[in-house]
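# Turn this into a model:
(one chain, ligands or ions: 1)
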Amino acid sequence: MKFNEVLENVTTYEAGKPIELVVREYGIDPKDIIKLASNENPYGTSPKVTAKVQELAKNMFVYPDDSMYELKEALGKKFDVDSSNVIIGSGSDQILEFCVHAKCEKDSKLLMAKTTFAMYEIYGKQTGSKIIKTDSDTHNLEEFKALYKEHGADIIFLCLPNNPLGEALDTKDVYKFLEEVSSDTLVVVDGAYNEYASFKDENKRIVPKDLITKFPNCIYLGTFSKAYALGGMRVGYGIAQADIIKTLYKLRAPFNITTLTLAAAIEALKDEEFVSTCIAKNFEEMKRYEEYSKSKGFEYIPSYTNFITIKMGDKFVSKEVAQKLLERGVIVRDLTGYGVNAIRITIGTNEQNTRVFKILDEVLSALER
Ligand SMILES: *Cc1c(COP(=O)(O)O)cnc(C)c1O
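This next block holds a predicted model:
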């Protein structure tokens, strides 16, 4: 059958492996599996959110409030913007998709870092767009500037902080770069880990209102999947000037968020204390990964997120390390597919990390030649 020919260039996204798969393939008891491959909040969902979802489970025969009034109001309040500046998606992924499909067609241009969130390229290719990437793995604004001067771009993606490498930029440098960008170019600032970066270093905080006021061609994306611990509920949001939001709405299917998801997100915003506690623990535990890496002579990328990317150097092959860990019930992300010999590990709980170090020790000695 003949399909849209642009799809011939599209690869499918490879998600972090689910616990179910490890149970099936390696016969490991689910309680012994440590899933640190998808940057979920390892502390689980706030008990208040869980209680709310349980309470409302009886309502799931009713379509959700398609205006999403309450959640948009809550986000509007949190970010000091009007609800006309907010759009809700099934994960911020869906808003990324809206952005690309709103702006791009065949031969449009997308500019992004060499090693960044895979979905930017996938959505881009769905429209037949050309993908332009910097040479450096991590975000280098000088390279972005030079490539933008040379090629222009319909969309620029800035992943701040960046997944899968974990680096972040100073907001003042980002703003300096944005001053050079035409008002015709949509700039997507993906803030999936902004809560983490803001906690670690105030200079890296992105304030959505500030961003879209200074640069009306920008859209800020946030998600409930990481710090807010709702990855399984699929909810994220975009914040932009109302004309951009209105356009994105044309691509949205009705009821793109479930009744329970809406309730969970609204409730999660009421429990910010839970979120900040988790973020504080995250960076405490991250120190242990830094120490561990140093003790093994591994280089790591200083991270502003809830994961750490550890380079395997020339002694180990990341793919093998990740596979051996998997066989022992520890799911991490191998970055070979991104062209980097490194593994990305989500920072787990204290007990999980202790076990990871022990198992990693064993795996590394077994692989050492
Ligand atoms: C996790 C993530 C997202 C979005 O996740 P959703 O679950 O779709 O909200 C977006 N960008 C980056 C960089 C991410 O890591």
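# residues in the stretch 51-200 of the chain within reach of the ligand, list them.
Counting by Cβ under 6 Å from any ligand atom, the stretch 51-200 of the chain comes close to the ligand at 91-93, 117, 159, 163, 190, 192. Quick note: C-beta positions are derived from backbone N, CA and C, even for glycine.
# For the ligand, see how far away A240 is.
16 Å (Cβ to the nearest ligand atom, to the nearest Å).
# residues touching that residue, list them.
Applying Cβ atoms under 8 Å, 6 or more residues apart in numbering, we find A240 in contact with 85, 87, 212, 218-220, 248.
# Among these, name the ones in helices.
212, 248 (DSSP state H).
# now, which of the contacts of A240 sits nearest the ligand?
Y220 (11.8 Å; Cβ to the nearest ligand atom).
# pLDDT value on that closest one, please?
Note on Y220: pLDDT of 98.
# thinking again about what came up before, which of the residues of the stretch 51-200 of the chain next to the ligand tops the neighbour count?
When those are compared by neighbour count (other Cβ atoms under 10 Å), D190 ends up highest, at 29 neighbours.
# my guess is it meets F157, correct?
Yes - assessed by Cβ atoms under 8 Å, D190 is found in contact with F157 at 6.6 Å.
# okay, and the common contacts of the two?
Common neighbours of D190 and F157 (Cβ under 8 Å, 6+ apart) are F117.
# Strands of the stretch 1-150 of the chain, residue ranges please.
34-35, 86-89, 109-112, 130-133 (DSSP state E, counting those that start in this stretch).
# With mean pLDDT added, can I get those strands in JSON lines?
Shown next, in JSON lines, are the strands of the stretch 1-150 of the chain (pLDDT from 0 to 100):
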{"stretch": "strand 34-35", "mean pLDDT": "96"}
{"stretch": "strand 86-89", "mean pLDDT": "98"}
{"stretch": "strand 109-112", "mean pLDDT": "98"}
{"stretch": "strand 130-133", "mean pLDDT": "98"}
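# Looking at those, spot the one closest to F298.
Ranking the strands of the stretch 1-150 of the chain by proximity to F298 (Cβ to Cβ) places strand 34-35 first, at 19.2 Å.
# ok, and what's touching that closest one?
Here strand 34-35 has contacts from 16-19, 329-331, 346, 348, 352, 355-356, using Cβ under 8 Å, 6+ apart.
# what do you get for stretch 258-272?
By Cβ under 8 Å, 6+ apart, stretch 258-272 touches 45-46, 48-49, 52-53, 56-57, 59-60, 62-65, 68, 70-71, 74-75, 78, 88, 224, 228-230, 233-235, 257, 275.
# Tell me which residues touch whichever residue of the stretch 1-150 of the chain sits closest to the ligand, please.
Here the residue of the stretch 1-150 of the chain nearest the ligand is G91; by Cβ to the nearest ligand atom that distance is 2.3 Å. Neighbour list for G91: 223, 225, 234-236 [criterion: Cβ under 8 Å, 6+ apart].
# what distance separates the longest helix anywhere in the chain from the centre of its chain?
Assignment by DSSP H gives helix 272-296 as the longest helix of the chain. Relative to the centre of its chain, helix 272-296 is centred 18 Å away, using Cα atoms, centre = their mean, to the nearest Å.
# Spatially, which two of the residues of the stretch 51-200 of the chain next to the ligand are the most separated?
Maximum distance among those (Cβ to Cβ): 14.9 Å, for G91 and C159.
# ok, and the closest non-adjacent residue to K17?
I331 (5.2 Å; Cβ to Cβ, 6 or more residues apart in numbering).
# Relative to P30, how far out is the one you found?
12 Å (Cβ to Cβ, to the nearest Å).
# can you tell me the distance between the two ends of stretch 12-30?
27 Å (Cα to Cα, to the nearest Å).
# Buried residues, that stretch. List them.
17, 22, 28 (16 or more other Cβ atoms under 10 Å).
# In the stretch 251-369 of the chain, what residue lies closest to the ligand?
T305 (8.1 Å).
# so that residue sits right up against N39, yeah?
Yes - T305 lies in contact with N39 (Cβ under 8 Å); the separation is 7.1 Å.
# re the thing from before, near the ligand too, which of the contacts of G91?
223, 225, 236.
# who wins for neighbours among those?
G236 (27 neighbours).
# Report the separation between it and K145.
When G236 is compared with K145 (using Cβ to Cβ), they lie 28 Å apart.
# What is the burial count for the residue nearest to I359 when sequence neighbours are not counted?
Closest residue to I359 apart from its sequence neighbours, by Cβ to Cβ, 6+ apart: R328 at 4.9 Å. R328 has 20 neighbouring residues, counting by other Cβ under 10 Å.
# List the residues that contact the residue nearest to F215 when sequence neighbours are not counted.
On the basis of Cβ to Cβ, 6+ apart, the spatially nearest residue to F215 that is not a chain neighbour turns out to be L178, at 4.8 Å. Applying Cβ under 8 Å, 6+ apart to L178 gives the contacts 187, 214-215, 218.
# show me where the stretch 251-369 of the chain has strands.
Using DSSP E, counting those that start in this stretch, strands in the stretch 251-369 of the chain cover 300-301, 307-311, 330-331, 333-334, 342-346.
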